[in-house]
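[1] what follows is a predicted structure for the sequence shown.
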Amino acid sequence: MRKYLLWRVLQIIPVLFLISIFVFALLYLAGDPVALMLPEDATQEQVDALRESLGLDQPFYIQYLSFVGDVIQGDFGYSYRYSQPALPIVLERLPATFELAFASMIVAVLIAVPLGILSATKRNTALDVFISGASVLGKAMPNFWLGIMLILMLAITYPFFPVSGSGSVAHLILPAITLGTGCAAEMTRVLRSSMLETLNQDYVRTAVSKGVKNFFVVYKHAFRNALIPFITITFLQVSTLVSGALITEVVFSWPGLGQLLIQAINGRDMAVVQATVFIVAFIVIVVNLMADVLYRVLDPRIQFD
């Protein structure tokens, strides 16, 4: 177990290395960073002085090494829009994104569990076909389109929920449904497949032949043993929720990382963009690691190397 964990953690290092290169390159994708910080009428002497003070007159590899050293210390630079370091700004918005991701996961589980069980127990019926088709449709629908449709139907035409913003549970419902629907589609399909495999096992057929009620066969025997792949895909969807929340937050003006990232891109505040991209990527890596370890812990058939 310890050797496996150590090996998985070591695998993160090259991934973080590639991410750091990408995040460092973001500084130059929007143009000359010095030109973005100074007014258009700045003199060449001012440009040269700022470039030298920021170390941007050094070779690229020197700049990159300096950038990595700063990132290790939690320094992503200074946001000229907010007039403060970039990392605290990102961390301040992180709880709102986690709140939306958690609510969306609750919505996804509430949808996926009953539909997955129904689809498996009613195999090859009209209900199974309908649920399977709805799962494919839910997976194919873009989050931003579904969010706009929900706003039009449930916030404008029939004003049951607020259009945008935060502050109450009502503000959370529409973005949570928008984000949770796509994850529920994938989770429903996984649970259906896992349930079908479990229902065909000998111990389930034995329970049925002994006269055990169908409810206990499905929920006590089949569902409990089908949870391992379902829990795994649930953890994997957490990373999808955190990254997918960025678009949904913009649609509903939710004050999380997504809204912050779009504002930073529009304002060319590259320090905030770099910090946001790096934090989101790091969260996705950690959650995927947790899902991989959890799967191996829950399934005793998998041996740790």
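    Nice, thanks for sending it over. Numbering: from 1, shown residues only.

[2] give me the most central residue, the protein.
    Nearest residue to the geometric centre of the chain (CA atoms, centre = their mean): residue 242, 2.4 Å.

[3] and that residue, what pLDDT?
    Residue 242 is assigned 75 on the pLDDT scale.

[4] with the one 10 residues further on instead?
    The per-residue pLDDT reported for residue 252 equals 89.

[5] go on, residue 33?
    Residue 33 is assigned a predicted lDDT (pLDDT) of 67.

[6] neighbours of residue 144, just the number please.
    13 (other CB atoms under 10 Å). For the C-beta atoms, the positions are set from N, CA and C on the backbone; glycine is no exception.

[7] before we move on, which element is the residue nearest to the centre of the chain in?
    helix 227-252 (DSSP states H and E).

[8] got the buried residues for the helix or strand containing residue 271?
    Take DSSP H and E as the rule and residue 271 turns out to sit in helix 270-298. Of the residues in helix 270-298, 270-281, 283-285, 287-289, 291, 293, 295-296 count as buried by neighbour count, 16 or more other CB atoms under 10 Å.

[9] residue ranges with poor pLDDT in the stretch 1-150 of the chain?
    In the predicted model, the stretch 1-150 of the chain carries pLDDT under 70 at residues 1, 4, 27, 29-40, 54.

[10] do I have it right that residue 228 meets residue 294?
    No: here residue 228 does not reach residue 294: they are 9.3 Å apart, not a contact under CB atoms under 8 Å.

[11] got a list of what residue 222 touches?
    120, 195, 198, 199, 204 (CB atoms under 8 Å, 6 or more residues apart in numbering).

[12] and the nearest residue to residue 252 once chain neighbours are set aside, helix, strand or coil?
    Counting by CB to CB, 6 or more residues apart in numbering, residue 252 lies nearest to residue 175, which is 4.4 Å off, once chain neighbours are set aside. Three-state assignment for residue 175 (DSSP: H, G, I helix; E, B strand; the rest coil): helix.

[13] state the distance from residue 175 to residue 208.
    Separation of residue 175 from residue 208 (CB to CB, to the nearest Å): 43 Å.

[14] just the ones in helices from the contacts of residue 222, please.
    120, 195, 198, 199, 204 (DSSP state H).

[15] check those for the minimum pLDDT and say which it is.
    Among the ones in helices among the contacts of residue 222, residue 204 has the lowest pLDDT, at 77.

[16] burial count for it?
    17.

[17] please look at it and residue 217 and confirm they touch.
    Yes: using CB under 8 Å, residue 204 makes contact with residue 217 at a distance of 6.3 Å.

[18] about what we covered before: between the contacts of residue 222, which sits nearest residue 235?
    Of all the contacts of residue 222, residue 195 has the smallest distance to residue 235: 18.8 Å, by CB to CB.

[19] find the nearest non-adjacent residue to residue 20, please.
    Using CB to CB, 6+ apart, the closest residue to residue 20 is residue 68 (5.8 Å).

[20] could I get the CA-only coordinates of the helix or strand harbouring that neighbour as PDB?
    If you go by DSSP H and E, residue 68 is part of helix 60-72. The C-alpha coordinates for helix 60-72 follow below in PDB (Å, rounded to 0.1, in the frame of the first residue of the first chain):
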ATOM      1  CA  PHE A  60      13.300  32.300 -20.800                       C
ATOM      2  CA  TYR A  61      14.800  29.400 -18.800                       C
ATOM      3  CA  ILE A  62      15.900  31.800 -16.100                       C
ATOM      4  CA  GLN A  63      12.400  33.300 -16.000                       C
ATOM      5  CA  TYR A  64      10.900  29.800 -15.800                       C
ATOM      6  CA  LEU A  65      13.100  28.700 -12.900                       C
ATOM      7  CA  SER A  66      12.300  31.900 -11.100                       C
ATOM      8  CA  PHE A  67       8.600  31.300 -11.700                       C
ATOM      9  CA  VAL A  68       8.700  27.700 -10.400                       C
ATOM     10  CA  GLY A  69      10.600  28.900  -7.300                       C
ATOM     11  CA  ASP A  70       7.900  31.500  -6.600                       C
ATOM     12  CA  VAL A  71       5.100  29.000  -7.200                       C
ATOM     13  CA  ILE A  72       6.600  26.600  -4.700                       C
END
